Each structure stands twice: as structure tokens, then as C-alpha cells.
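Chemist: Any chance you can model this:
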Amino acid sequence: MGKRSRRRTEQDQTALQETEPTTDGSDNGAPAPLRPDGRLREVALLVEEADYLLALLRWVVLTGEVPRAQDWLRREEWPHPDYVIDVFGSWERFLAAAEIPTSPLLARLRAADEDRRTMAAREERLERELARADDLRRQTETARRRREAAEAERGELAGRVERLGAQLAQAEARAAAAEAHLAERRQATAEAAQAGPEQDASDTWLAAHAALEDELEAVRAHREELLSEVEALREAAARDAKAIARLSRALSEGGGAHDDDGELATSAAPPATVEEAVRRAAASAEHLRFTDAAFASAADSPYRRPADVLDALERLDELAGLYADPDGFGASLSQAATGLGLTWRQNVSETARSRKPHLYAVTHDGERLELGPHVALGSGSGAGFIARIYLHVADGAGPVPRGLYVGHVGRHLPDTTTA
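Modeler: Reported below is the predicted structural model:
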């Protein structure tokens, strides 16, 4: 009961006392007072009920919610729940007396709250779809640029092949002419030898013959060099053709299509986490090898662009395919990685390795692998904005076969820049 209810009760008690008869037996000519009965108590209860119901309706209008008993505890502006329960029997009966459970106003409020929650969920889904669309646009643009660069390089290589082919034809013609000239010289020498000493070749002729043989050998060497260069260019063109085909597939898949509702539909959604990106790359990799530590570190990574991780791992798989050839591929790992669009770091400093040696080593098939070369992803500060892919490069002379091994994916390991 609030302050006003307590004052009303005190006033009722005062009124009852004033209506009590005097004890001296004299009426002083006044009419006989009315004696209290149960009707006055009933009226007081009705007034209290009305007061509490008014407070309940005021609460609902001000807050838009149904109050609980504890909401009115220790709050002077609202009746105490104990007094309300004394009048109505229970808090539920109190709410039922005000017809709160069937209130159309509260029903509309609940419907509005539900609509608001539904709208918030739809906005959240829309933001996720927009983020996915931005990622797909970025991937599509990257694939398009890479395909255009590969096509331009392929055109340049084709031009070089044509020029070298023309030079090779010229060299072959010179070699044929030199061989024919040499054969004529040899025949003349043989005839001169049969004719006798007086027909011996002069010193000038012998010098010219020797020079012709030297020229023939030089032409043959140049021809072999041109043939080797043409073969290397043809292999490079074949690799570029494969890269263009792969990028064309990625471009067609990344471009997506629109369904009947106008939403973007893709054949494969981008990975949601770094761990998912690593597992997808490991499932599709042909040459790149993954350690258990790579999956564990990826699961701990909060990097916000896992699609970049998947793209980098796919390019590293191409790099691992080139490195798998023990005879080499005509370039260093750093040059090849840069050519594939990777931000390559050759190694870590010895200072960083000596400070945290256990962080720069992983175990694979029971063998300890030292990590060093790595690929940098993202920009800014914080694990949500930057990531690293640390590798072990095995040349085949150690405990594991030749190849590239992924040892850590995710957080930037501490070095001299993070100390």
C-alpha cells in the first residue's frame, strides 16, 4: 500500500472514532450517531482496489509492459506488492481483475515488439548478404585483373615465340648453307690432295675453312639455345593457359547469378571462418601440404576476411606445384610468389626466432619443421585485420619430402615488429 492508501486508512479510523457514542450518557440534543458496519469496510476495499488498478493501468501506459511483483518493491510511487496481494489474494488475480491478459493494447505492443525483432533479424541477414556480395565482387574483380594480366603475358610470350621461331629458321638456313659450303670445301680439299703436292691448299684457304667450321659450330650452339628458349616459352604459355582457364572458371563462378527474388546465388559461398578456409584449401590442394598445427592455429584466428586466406592458399598450391620440380622452374620462390600476387616474406629474423623458438616450429609426421617464409595478409593492427601464413620449405634433403608445408595460419607470430 502506498502513502496515499495508508493516509486513507488512518482517515477512516479517525472517522470511525468520531462516530463512536459518548460515554457520559448525555446526547446534548444531537441525533444518535451511525454505528459502523461491514459496508464501510467493503467501500474501503473497493477504493483500495480502484487505487491499485489505477496504478496498474498507469504503469502499463508509461512502460508498455506488464509489471511483476518485484517491480513495485522499494518504490514509493507504486503500491507495495504485499498490500496488493492482501486485497486481491494474489498477483495473478490482480492482473486478471484488470483484464491485462486479454488487453488489446498489450497485444498490439507484443506484436510490435515481434515485428521489431523480425525486422532486426532481417536487417542483420541483409547486412551479411551485402558483405558476402562485396566479397564476391572483390574476388571477381581480382580474378578479372589476374586473367587480363595472364592474357597479356600470354600474348607477349606468343610474340616472343614467333620472333624466336623466325630467328630459329634463319639460324637453320645459315647452318644449312654453312654445312653445304663446308662440304664443298672438303670435296675441294680431297681433290687437291689426290692431284699431288703441287695442288696443296694455301694457308689462306685453310684459315677460311677453319673459320667456316667455327661459324658452323656457333650457329649450331645458337640454334640449340633458341630451341631451349622456345621450349621454355611454350611451357610458360601452357602454364599461363591453365591459369587463364582456372581464372575464367573462378570469374564465372564468382560472378554468380540472381534468383527469382533478386538475391545473389553462387555455386560456392565464401568461407565463414579461417578454419573453414584452411580445410577447404586442404581438400582441394594438389601440391601444398598441411600440418595439424595449421588447422589448430586457424581455429584460433579472428581474421575477418577468411576468403583472402582461401585465395592465398590456392595460390600457394600453384607455387608448391612449381617448387615440386627438383630441376627448378627458372625463378626463385620469392619471384614466383610475387608473380602469383602473393605478399611474400622470405624469412623471420634470428632475434625473433631465438626469443620464441617454440612458436616457429611445428611437428609433422613425427618430425620437427622450422617455420620461416610466410605470406602477409591484410593491413592495419589487430588479429581481426591482419593474418599470416607461415611455411616450411623442404628441399628433400631433410626428414620430409620436398615441398611446401603450411605450419601456421592466422595470428601474426611475435617478431621484432611486434615485440
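Chemist: In the chain, where's the longest helix?
Modeler: The single longest helix within the chain, with elements called by DSSP state H, is helix 104-195.
Chemist: What mean pLDDT does it get?
Modeler: Mean pLDDT, computed over helix 104-195, is 79.
Chemist: ok, now which ones touch V84?
Modeler: 52, 69, 72, 91, 94 (C-beta atoms under 8 Å, 6 or more residues apart in numbering). C-beta: built from backbone N, CA, C; applies to glycine.
Chemist: rerun that using 7 Å as the cut-off
Modeler: 52, 91, 94 (C-beta atoms under 7 Å, 6 or more residues apart in numbering).
Chemist: One more: S301?
Modeler: Per C-beta under 7 Å, 6+ apart, neighbours of S301: 274, 383, 387, 409-411.
Chemist: can we see that at 10 Å?
Modeler: 273-275, 277-278, 309, 383-384, 387-388, 408-411 (C-beta atoms under 10 Å, 6 or more residues apart in numbering).
Chemist: And for Y390?
Modeler: By C-beta under 10 Å, 6+ apart, the contact list for Y390 reads 293-294, 297, 345, 348, 359-360, 362, 371-375, 405-410, 412-413.
Chemist: what do you get if the cut-off is 8 Å, keeping everything else the same?
Modeler: 360, 371-374, 406-409, 413.
Chemist: Of the residues you listed, which belong to strands?
Modeler: In strands, defined here by DSSP state E, the members of these are 374, 406-409.
Chemist: returning to that earlier point: who wins for neighbours among the contacts of Y390?
Modeler: V409 (33 neighbours; other C-beta atoms under 10 Å).
Chemist: Please enumerate the helices of this structure.
Modeler: Here the chain has its helices, by DSSP H, at 3-18, 38-63, 81-88, 91-97, 104-195, 203-255, 274-284, 292-299, 306-323, 333-339, 350-355.
Chemist: Need these in a markdown table (columns: distance to A394).
Modeler: Formatted as a markdown table, those follow (distance: least, C-beta to C-beta, whole Å):
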| stretch | distance to A394 |
| --- | --- |
| helix 3-18 | 85 |
| helix 38-63 | 69 |
| helix 81-88 | 75 |
| helix 91-97 | 74 |
| helix 104-195 | 28 |
| helix 203-255 | 23 |
| helix 274-284 | 17 |
| helix 292-299 | 15 |
| helix 306-323 | 9 |
| helix 333-339 | 12 |
| helix 350-355 | 18 |
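Chemist: Please identify the most buried of these.
Modeler: Of all those, helix 306-323 has the most neighbours on average by mean count of other C-beta atoms under 10 Å, namely a mean of 21.
Chemist: what mean pLDDT does that one have?
Modeler: Averaging pLDDT along helix 306-323 gives 93.
Chemist: Just the angle for it relative to helix 274-284, thanks.
Modeler: For helix 306-323 against helix 274-284, the angle by axes from the mean of the first three to the mean of the last three C-alpha atoms, to 10 degrees is 30 degrees.
Chemist: which strands and helices sit next to helix 306-323?
Modeler: Under the contact criterion of 3 or more C-beta pairs under 8 Å, 6 or more residues apart in numbering; DSSP states H and E, helix 306-323 touches helix 104-195, helix 274-284, helix 333-339, strand 374-378, strand 386-394, strand 403-410.
Chemist: which stretch among these comes nearest S354?
Modeler: Closest to S354 of the helices and strands packed on helix 306-323 is strand 386-394 (C-beta to C-beta; 16.5 Å).
Chemist: Out of the helices and strands packed on helix 306-323, which gets nearest to R304?
Modeler: Closest among these, once you apply C-beta to C-beta, is strand 374-378, at 8.2 Å.
Chemist: quick one: contacts of the closest one?
Modeler: 303, 305, 308-309, 312, 316, 337, 342-345, 348, 385-391.
Chemist: Among the contacts of V84, which one sits closest to T189?
Modeler: Nearest to T189, judged by C-beta to C-beta, of these is W91 at 128.7 Å.
Chemist: OK, contacts around the closest one?
Modeler: For W91, the contact set (C-beta under 8 Å, 6+ apart) comprises 68-69, 81, 84-85.
Chemist: Now the residues you listed in TSV, please, with extra columns for pLDDT.
Modeler: Listed next are the contacts of W91 as TSV, based on pLDDT from 0 to 100:
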residue	pLDDT
R68	84
A69	84
P81	86
V84	86
I85	86
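Chemist: between these, which is nearest A121?
Modeler: Nearest to A121 among these: R68, at 26.9 Å, using C-beta to C-beta.
Chemist: Phi first, then psi, for that closest one.
Modeler: Backbone torsions of R68, given as degrees, to the nearest 10, read phi -100, psi 160.
Chemist: In space, what's closest to it - neighbours in sequence excluded?
Modeler: Counting by C-beta to C-beta, 6 or more residues apart in numbering, R68 lies nearest to W91, which is 7.8 Å off, once chain neighbours are set aside.
Chemist: What of P401?
Modeler: Nearest residue to P401 in three dimensions, chain neighbours excluded: A394, at 6.7 Å (C-beta to C-beta, 6+ apart).
Chemist: Bridge partners for that neighbour, pull those for me.
Modeler: A394 has these beta-bridge partners by DSSP bridges: G403.
Chemist: my guess is it contacts G403, does it?
Modeler: Yes - with contact defined as C-beta atoms under 8 Å, A394 reaches G403; the gap is 5.7 Å.
Chemist: before we move on, the earlier item: what is the nearest of the contacts of Y390 to E141?
Modeler: Once C-beta to C-beta is applied, the member of the contacts of Y390 that ends up nearest E141 is V409, at 24.2 Å.
Chemist: and that closest one, what is it in contact with?
Modeler: Per C-beta under 8 Å, 6+ apart, neighbours of V409: 274, 278, 294, 297-298, 301, 309, 313, 387-390.
Chemist: please redo it, this time with the cut-off set to 6 Å
Modeler: Residues near V409 by C-beta atoms under 6 Å, 6 or more residues apart in numbering: 278, 294, 297-298, 389.
Chemist: which one of the residues you listed sits closest to L157?
Modeler: Of all those, L157 sits closest to I389, with 29.5 Å by C-beta to C-beta.
Chemist: Identify the residue spatially nearest to that closest one, adjacent ones excluded.
Modeler: Closest to I389 by C-beta to C-beta, 6+ apart is V375, at 4.4 Å.
Chemist: one step back: any chance of JSON lines for the ones in strands among the contacts of Y390, columns pLDDT and distance to H287?
Modeler: Converted to JSON lines, the ones in strands among the contacts of Y390 look like this (pLDDT from 0 to 100; distance: C-beta to C-beta, whole Å):
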{"residue": "H374", "pLDDT": "94", "distance to H287": "18"}
{"residue": "V406", "pLDDT": "97", "distance to H287": "11"}
{"residue": "G407", "pLDDT": "95", "distance to H287": "16"}
{"residue": "H408", "pLDDT": "96", "distance to H287": "19"}
{"residue": "V409", "pLDDT": "96", "distance to H287": "17"}
